[in-house]
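**Student:** generate a structure from the sequence data that follows.
(chains A and B)
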Amino acid sequence: MPHVAVTAFGADRPGIIAAVTGVLMRHGGNLQDTAMTQLGGHFAMMLVVEVPDAESAETLEAALVAEVGALGLTVAVRPIIETAHDTAVGTPWAVSLYGADRPGIVHRVSQKLADHGANIVDLSTRVVGGGPEHSYVLLLELVLPPNADADRLAAELQALATELGVEIHLRPDDADIL
Amino acid sequence: MIRPVLQLPHRVLATPCAPVGEIDDTARALGHDLLDTMRSSGHSVGVAAPQIGVSMRAFCVDVTGHRKARSCHGPVVLFDAVVLESSTPEVGREGCMSVPDLTGDVARATSLLVRGLGMDGELHSYEVDAFEARAFQHELDHLDGLLFLDRVVADERIFRRRVYR
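**Tutor:** Sure, this is the predicted structure:
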């Protein structure tokens, strides 16, 4: 069965998930991997949904707009041509960063990681505190390819941390199978 | 005998296990099956009886050679084990043969005093710490019908502190 990508975003309130997933269920959808969270007082949903062959992304989006538009959600549904499999090969690492906020932190860090062939598999950021002196926190998980040099990456991240005036820590994130 | 390892959503994994009681030939055979099954999967350091479809309070652990191990009692088989003492917890990332594809951050006591019946039918006590303590707690959870999924702490994630007015 084909898959579609569903995104929804709007001011947070009770009932958003129930409303959106209710429409998807009535159209024969089956939720696969999803991520749903509060972002800055809004609620964001990202869902991979398995849908019947007869169900198109266009009709599903129209149904969602018609049925949950009243909740103030911005909704989009797009076909997923090929189901993306988790193909990341390598070792898992985690990066934590915190410090005074300034534009470009995420870009500079992610560009550095991309230069080393790292694949970021999860990333979240939060603005901490209010006012002009507010801080920024970034947490991410990545997969480093077998040929990458973790020591060199760590050293370059430290140099970047100094330049940006923030703290950056890179640590192994491997799990033990028990 | 190597037994197949059951995976989610098999109900026996979510069912609290019955006490073994007396260590007879059946219990010893179960102990050997646990060891054989653990050794057959190179990356596993423990197997609990419900993972091979037996809802009895039995498990085996062997952390020999693991880089995170401090205490190491070699291959251990315990029946009807109870935790007598445990220290403060520490978060570490775990996976489980019965939960393919997923791992999660779980807080486990860093040291533990455990007592249970051995293959010889006698009571044995084990003081374990570090990775061996984590492995014991992971397997003990299986006997209560709990998976690491039931204990995941969202260590990697950060949340807005709630203000209730």
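
**Student:** quick check: pLDDT value at A:Ala84.
**Tutor:** Looking at A:Ala84, its pLDDT reads 60.

**Student:** quick one: distance of stretch A:35-44 to the chain centre.
**Tutor:** Relative to the centre of its chain, stretch A:35-44 is centred 11 Å away, using Cα atoms, centre = their mean, to the nearest Å.

**Student:** which residues are contacting that stretch?
**Tutor:** A:7-13, A:16-17, A:45-47, A:124, A:127, B:160 (Cβ atoms under 8 Å, 6 or more residues apart in numbering or on different chains). In short, each C-beta sits where N, CA and C put it, glycine included.

**Student:** cool, stretch B:117-125 as well?
**Tutor:** So stretch B:117-125 is in contact with B:20, B:22-23, B:28, B:31, B:77-81, B:84, B:113-116, going by Cβ under 8 Å, 6+ apart.

**Student:** and those residues, which are buried?
**Tutor:** If you count burial by 16 or more other Cβ atoms under 10 Å in any protein chain shown, the buried members of the contacts of stretch B:117-125 come out as B:20, B:23, B:31, B:77-81, B:114, B:116.

**Student:** tally of neighbours for the residue of chain A found nearest chain B?
**Tutor:** In chain A, no residue comes nearer to chain B than A:Ala175, which is 3.7 Å away by Cβ to the nearest Cβ. Residues near A:Ala175, counting by other Cβ atoms under 10 Å in any protein chain shown, number 17.

**Student:** just say helix, strand or coil for B:Pro100.
**Tutor:** For B:Pro100, the secondary structure call by DSSP: H, G, I helix; E, B strand; the rest coil comes out as strand.

**Student:** now B:His142
**Tutor:** Of the three states, B:His142 takes helix under three-state DSSP.

**Student:** nearest residue to it in space, ignoring adjacent ones along the chain?
**Tutor:** B:Ala48 (3.4 Å; Cβ to Cβ, 6 or more residues apart in numbering or on different chains).

**Student:** now A:Ala19
**Tutor:** Nearest non-adjacent residue to A:Ala19, counting by Cβ to Cβ, 6+ apart: A:Val68, 4.7 Å away.

**Student:** quick check: residues of chain A near chain B?
**Tutor:** Among all residues of chain A, those adjacent to chain B (criterion: Cβ under 8 Å from any Cβ of the partner chain) are A:38, A:94, A:122, A:124, A:126, A:137, A:139, A:141, A:173-178.

**Student:** which SS state does the residue nearest to the spatial centre of chain B fall under?
**Tutor:** Centroid-nearest residue in chain B: B:Glu139, 1.1 Å away (criterion: Cα atoms, centre = their mean). Secondary structure state of B:Glu139, per three-state DSSP, is helix.

**Student:** picking up where we left off before, what's the most distant pair in the contacts of stretch A:35-44?
**Tutor:** Taking Cβ to Cβ, the two most distant members of the contacts of stretch A:35-44 are A:Leu47 and A:Val127; they sit 25.6 Å apart.

**Student:** export the helix ranked longest in chain A as CSV, just CAs?
**Tutor:** With DSSP state H applied, the helix covering the greatest number of residues in chain A is identified as helix A:150-164. The C-alpha trace of helix A:150-164 is given here as CSV (Å, rounded to 0.1, in the frame of the first residue of the first chain):
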residue,chain,number,x,y,z
ALA,A,150,35.4,11.2,15.3
ASP,A,151,38.4,12.7,17.1
ARG,A,152,38.9,15.3,14.3
LEU,A,153,35.2,16.0,14.3
ALA,A,154,35.3,16.6,18.1
ALA,A,155,38.2,18.9,17.7
GLU,A,156,36.5,20.9,14.9
LEU,A,157,33.3,21.1,16.9
GLN,A,158,35.4,22.5,19.9
ALA,A,159,36.9,25.2,17.6
LEU,A,160,33.4,26.0,16.3
ALA,A,161,32.2,26.2,19.9
THR,A,162,34.9,28.8,20.7
GLU,A,163,34.0,30.8,17.6
LEU,A,164,30.3,30.8,18.5
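
**Student:** could you point out the helix or strand that follows that helix?
**Tutor:** The first helix or strand that comes after helix A:150-164 along the chain, using DSSP states H and E, is strand A:166-172.

**Student:** residues in contact with that next one?
**Tutor:** Applying Cβ under 8 Å, 6+ apart, the set of residues contacting strand A:166-172 from outside is A:91-100, A:105, A:109, A:136, A:150, A:153-154, A:157-158, A:160-161.

**Student:** ok, 7 Å please
**Tutor:** Defining contact as Cβ atoms under 7 Å, 6 or more residues apart in numbering or on different chains, one finds that strand A:166-172 is touched by A:93-99, A:105, A:153-154, A:157-158, A:160-161.

**Student:** and stretch B:49-58, by the same measure?
**Tutor:** Residues from elsewhere that reach stretch B:49-58 (Cβ under 7 Å, 6+ apart): B:3, B:5-6, B:12-13, B:15, B:17-20, B:30-31, B:33-34, B:37, B:59, B:79-80, B:97-98, B:142-143.

**Student:** got a quick PyMOL command for the buried subset of those residues?
**Tutor:** The PyMOL command for the buried members of the contacts of stretch B:49-58 (criterion: 16+ other Cβ under 10 Å) is given here:
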select buried, chain B and resi 3+5+6+12+13+17+20+30+31+33+34+37+59+79+80+97+98+142+143
